[in-house]
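Colleague: Predicted model and sequence follow; I will ask about them next.
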Amino acid sequence: MRRLYVREKLTLREIGFRFKLSFQAVHLRLVNAGVTFQSRGSRPRRIDKRLLERLHIKEQLPIYKIAKLLKAGHPTVRSELKRHGLGPIGLPSANRKYPLLDALEMGDSIRLPLPTGKAKRHAIIYSAAQIRGIRLSVKTLEKELEITRIA
């Protein structure tokens, strides 16, 4: 394995394919053999601040659309927004799921139809509340949920 990696410059996956091992298993064996690994050779991608301002702030494109447009990963776009101090913008309340939660005052209640799917009905509502920075009490009734803002 050492010869294949060091002299023949095969990747860990190629070596693993030859020995019917995962690349992690090949990596572990090479580490135990004292092999020093090659650099992956790529530096982090940089995205111009003006371009990000235009796409994300002025045109209000979400991160995943910017990533697709620039042929970059969404973690790259997110980290570049953070590096430039732009930060991701939130969705306008009209585009959010459950926009009625935005208008709830302390102690107010609303009733919503049960979300589709049996599992994690409350989790959907609680995550929507967490995004808004509010706390809710959720009670399941026959065919709907009663949601009360508690903080």
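Modeller: Good, I have the coordinates.

Colleague: Would you mind listing the outside residues contacting the helix-or-strand element of the chain with minimal mean pLDDT?
Modeller: Across the helices and strands of the chain, mean confidence by mean pLDDT, DSSP states H and E is lowest for helix 121-132: a mean of 81. Defining contact as CB atoms under 8 Å, 6 or more residues apart in numbering, one finds that helix 121-132 is touched by 90, 96-98, 101-102, 112, 114-115, 135-136, 138, 140, 145, 147. Just so you know, the C-beta spots here come from the backbone N, C-alpha and C atoms, and that holds for glycine as well.

Colleague: I'd like the next helix or strand past that helix.
Modeller: With elements assigned by DSSP states H and E, the helix or strand that comes after helix 121-132 is strand 136-140.

Colleague: So residue 82 versus residue 65, what's the distance?
Modeller: Residue 82 sits 18 Å away from residue 65, going by CB to CB, to the nearest Å.

Colleague: meant to ask about residue 128, not that
Modeller: The value you get for residue 128 to residue 65, if CB to CB is used, is 22 Å.

Colleague: When these two are compared, which one has more neighbours?
Modeller: More crowded of residue 128 and residue 65, by other CB atoms under 10 Å: residue 128, with 19 against 15.

Colleague: Could you check how far that one is from residue 134?
Modeller: 9 Å.

Colleague: In the least confident helix or strand of the chain, which residues are buried?
Modeller: 124, 125, 128, 129, 132 (16 or more other CB atoms under 10 Å).

Colleague: next one: stretch 79-86
Modeller: Buried residues in stretch 79-86 (16+ other CB under 10 Å): 80, 81, 84.

Colleague: residues of stretch 10-19 that come out buried?
Modeller: Result for stretch 10-19 [16+ other CB under 10 Å]: buried residues 10, 12, 15, 16.

Colleague: What count of nearby residues applies to residue 101?
Modeller: 20.

Colleague: and it, what is it in contact with?
Modeller: So residue 101 contacts 110, 128, 129, 132, 134, 136, 147 (CB under 8 Å, 6+ apart).
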